[in-house]
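*Asks:* Show me how the following folds:
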Amino acid sequence: MVDHSVIADKALKSTDLIVRYSLDIDCPYCGAELDLSDQDDENGRFSSPIFNNRWEDLVGDSVKCPDCAKEFIISNVGF
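*Replies:* Down below sits the predicted model:
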């Protein structure tokens with residue numbers, strides 16, 4: 001096993017990894033570009049299925065556009 005903390009007798013510096021994500025969808029009525037991570041609730045309505053590999057749980061879920069106030073359905077989840 002390789003000790004990644006020392007390579008060629010030089011100590012490596014370390015830093016933190018920051019995770020940032022977005023859940024982008026376009027409103028089919030007004031064309032607004034939405035990030036559903038902004039609409040996520042304390043239970044992770046949108047993020048929990050994504051981060052737990054249950055993407056299909058979002059198919060058929062409804063979203064209300066904050067721009068035009070119309071509701072629409074998520075038809076597919078891709079990456």
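
*Asks:* pLDDT weak spots in this protein?
*Replies:* 1-9 (pLDDT under 70).

*Asks:* can you map out the strands along it?
*Replies:* 6-7, 10-11, 24-26, 33-35, 62-64, 71-73 (DSSP state E).

*Asks:* quick one, what contacts Ser22?
*Replies:* Residues near Ser22 by CB atoms under 8 Å, 6 or more residues apart in numbering: 35, 37. Glycine gets a C-beta too; all of them are placed from N, C-alpha and C.

*Asks:* just so I know, which of the strands of the chain lies nearest Trp55?
*Replies:* strand 24-26 (13.1 Å; CB to CB).

*Asks:* hmm, who's touching the closest one?
*Replies:* 32-36, 63, 74.

*Asks:* So among the residues you listed, which ones count as buried?
*Replies:* 34, 36, 63 (16 or more other CB atoms under 10 Å).

*Asks:* Looking at these, which one is closest to Asn53?
*Replies:* Leu36 (17.2 Å).

*Asks:* count of neighbours near the residue lying closest to that closest one once chain neighbours are set aside?
*Replies:* Nearest in space to Leu36, with sequence neighbours left out and distances taken as CB to CB, 6 or more residues apart in numbering, is Leu23 at 3.8 Å. Leu23 has 17 neighbours, counted by other CB atoms under 10 Å.
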